[in-house]
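A.B. asks: Everything below, folded, please.
(2 chains)
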Amino acid sequence: MSQPFLQIDGLAKRFPSGKDDTLTVFENVDFDIEKGEFVCIIGHSGCGKSTIMNVLAGLDEPTDGVVTMDGREVSGPSLERGVVFQNYSLLPWLTALKNVTFGVKARHPDWSAERIRQHSYKFLEMVGLTNGAEHRKPSQLSGGMRQRVSIARAFATEPKLLLLDEPFGALDALTRGTIQDELLRIWQDSGQTVFMITHDVDEAILLADRILLMSNGPFAQVAESVVIDIPRPRKRTEMVHHPAYYKIRNHLVDFLSSRSAEIAASPREKDGSRRQPPTVRPGAEDDSPAPDAESARPHLVSLAG
Amino acid sequence: MTRSYDFRALLLSIVLLITLLGAWELATNTQAQGGGGELTEYERLMGAGSQRAGVPPPSEVIGKAWEELSDPFHNTGANDKGIGIQIAYSLMRVLSGYFLAALIALPVGFLIGMSPLMYKALDPFIQVLRPISPLAWMPLALFIIQDSEASSIFVIFICSIWPMLINTAFGVAGVRKDWVNVARTHELGPLKTAFQVILPAAAPTIVTGMRISIGIAWLVIVAAEMLVGGTGIGYYVWNEWNNLDLNSVIFSILMIGVVGMALDAVFARLQRFVTYTE
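C.D. replies: Modelled structure (predicted):
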């Protein structure tokens, strides 16, 4: 049998709290990601999304559980897994271009300076940062441009897995929309496997093949894996008219507003076996499309999306 | 706008300078006139007849400065060396002691900054050694090293090491974790992480420490040379005092200020070069 590209088994994170007591942030987290998939994870603050991401990046260690990528256990950070942080994490003393070449040089130490430069330019071009802005320092760039540089750096190292930690969280709605479109385009061209944290339901629907829903912490779990049955390429303006859109959206909002808390409150199963989260396809049942949904709140979508 | 602002500041500086010099000239002139007329034997014996008893006026100091600066490198014996030679001796001592200090303070500071354990272990030593006046080391240095030249370099070394050490450790320890994570996710080795991420990130703090150190070193060299003697600007000041040549004393005080300013300006420039905005 073929192994999934990325396999997360029984991941748990516990912190000591008080005298011989522990605080479990999350436990029994099992899920797979296939090659080329775009997976988003949504959950309330404190459910441990960022910790999961840091574990995948190799920057943090889980208390229990194993992460396997391409048949090999993840231990420590690696260029095979690129990370885009929410706060961009650009080196402020380097220009935008130098920040990208920094990544490329680390990835390909044997390349000539010219080749590194050309490769970096290719990715800066993808995010539209080649008209002089590439020679500016991050402090002279807007938040959106900084995140573009960060995305270009991550894609330029061509990792097997790209990890995005709320990359658009600090951006205004308009900029966010533009960069989401760019990300979608670059992802479709590159066939990257992407794992992304987000707080934004519409963003997740636009980008993801699958959305993992996490219940509230402590003792958070991946409660569901929601498949987004909306054909690609997706455009935010057209996607809203797809019959599945509001079913998925309502399902997600319902989960976040009530069920995530209910699951956290319900008694936990003491079951050590690997258990994939149930797959849900709220958009798949092909009954009549919700007629008034799209006319009711298009403004919300266009702004928040 | 800024040009006229700068111009106004410059104008004010010149006005202040002229006022101060004028006041000084006036004050010393009236003082020199005091005690005129016939002197008794007793007064003459007590030095009241000396023409040089008062502080010299600025005009005389400027004359002296002109004389010295027109031939700064003359060398006509142990007690008659040009101001250029004396400053060169002092600078040589300051720079050798300073670079020796940097050679040790920067790597050790890096180590302390990277390792919380080392930080805690070395902290008591630093805290005790740091407040010791550098001149207090002088007798011990003279006894152990048995060479006045090397001893004054040692005193410079010991006084300039602390700000560099502490600032380097502080700067390195304070490097944002995000940047270290960038290095980690790019699989940079320890050496590359140190030079490509931590050093540039901590550079502004490190250079601030270096700038403080060079200032202190220049302060201390004057005192050290007064003690050790022989050559250098500190010795020059003391020697001219012994000669009761107050023109030269005032002139060399001003030169100490000018050289100190130049040293500071070099590091200010370096600081601008390594500073970044987040």
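
A.B. asks: which element is the residue most central in space within chain A on?
C.D. replies: Nearest to the geometric centre of chain A sits A:Met196, at 0.3 Å (C-alpha atoms, centre = their mean). Assessed by DSSP states H and E, A:Met196 sits inside strand A:193-197.

A.B. asks: and that strand, anywhere near chain B?
C.D. replies: No - shown here: strand A:193-197 not in contact with chain B (C-beta under 8 Å from any C-beta of the partner chain), separated by at least 14.0 Å. All C-beta atoms are positioned from the backbone trio N, CA, C, and that covers glycine.

A.B. asks: mind saving the C-alpha coords of that strand as PDB?
C.D. replies: Taking Å, rounded to 0.1, in the frame of the first residue of the first chain, the C-alpha atoms of strand A:193-197 are listed here in PDB:
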ATOM      1  CA  THR A 193       1.800  20.800  -1.300                       C
ATOM      2  CA  VAL A 194       0.500  23.500   1.100                       C
ATOM      3  CA  PHE A 195      -0.600  23.400   4.700                       C
ATOM      4  CA  MET A 196      -2.000  26.700   5.900                       C
ATOM      5  CA  ILE A 197      -3.400  28.100   9.200                       C
END
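
A.B. asks: Listing partners with orientation, what would you give for it?
C.D. replies: Here strand A:193-197 has these sheet partners by DSSP bridges: strand A:38-42 (parallel), strand A:161-165 (parallel).

A.B. asks: quick one on the thing from earlier: mind listing what the residue nearest to the centre of chain A touches?
C.D. replies: Each residue near A:Met196 by C-beta atoms under 8 Å, 6 or more residues apart in numbering or on different chains is listed here: A:Phe38, A:Val39, A:Cys40, A:Ile41, A:Leu163, A:Leu164, A:Asp165, A:Pro167, A:Leu207, A:Ala208.

A.B. asks: From the chain's centroid, how far away is the helix or strand hosting B:Val258?
C.D. replies: Here B:Val258 sits within helix B:246-274, counting by DSSP H and E. Centroid separation for helix B:246-274 versus its chain: 7 Å, with C-alpha atoms, centre = their mean, to the nearest Å.

A.B. asks: B:Phe273 and A:His135: what is the separation?
C.D. replies: 17 Å (C-beta to C-beta, to the nearest Å).

A.B. asks: Dihedrals phi and psi, the residue positioned nearest the centre of chain B?
C.D. replies: Centroid-nearest residue in chain B, with C-alpha atoms, centre = their mean: B:Trp218, separated by 1.9 Å. Main-chain dihedrals, B:Trp218, degrees, to the nearest 10: phi -70, psi -30.

A.B. asks: Now the buried members of the contacts of A:Met196.
C.D. replies: Among the contacts of A:Met196, those classed as buried by 16 or more other C-beta atoms under 10 Å in any protein chain shown are A:Phe38, A:Val39, A:Cys40, A:Ile41, A:Leu163, A:Leu164, A:Asp165, A:Pro167, A:Leu207, A:Ala208.

A.B. asks: quick one: the residue nearest to the centre of chain B and B:Leu263 touch, right?
C.D. replies: Yes - using C-beta atoms under 8 Å, B:Trp218 makes contact with B:Leu263 at a distance of 5.8 Å.
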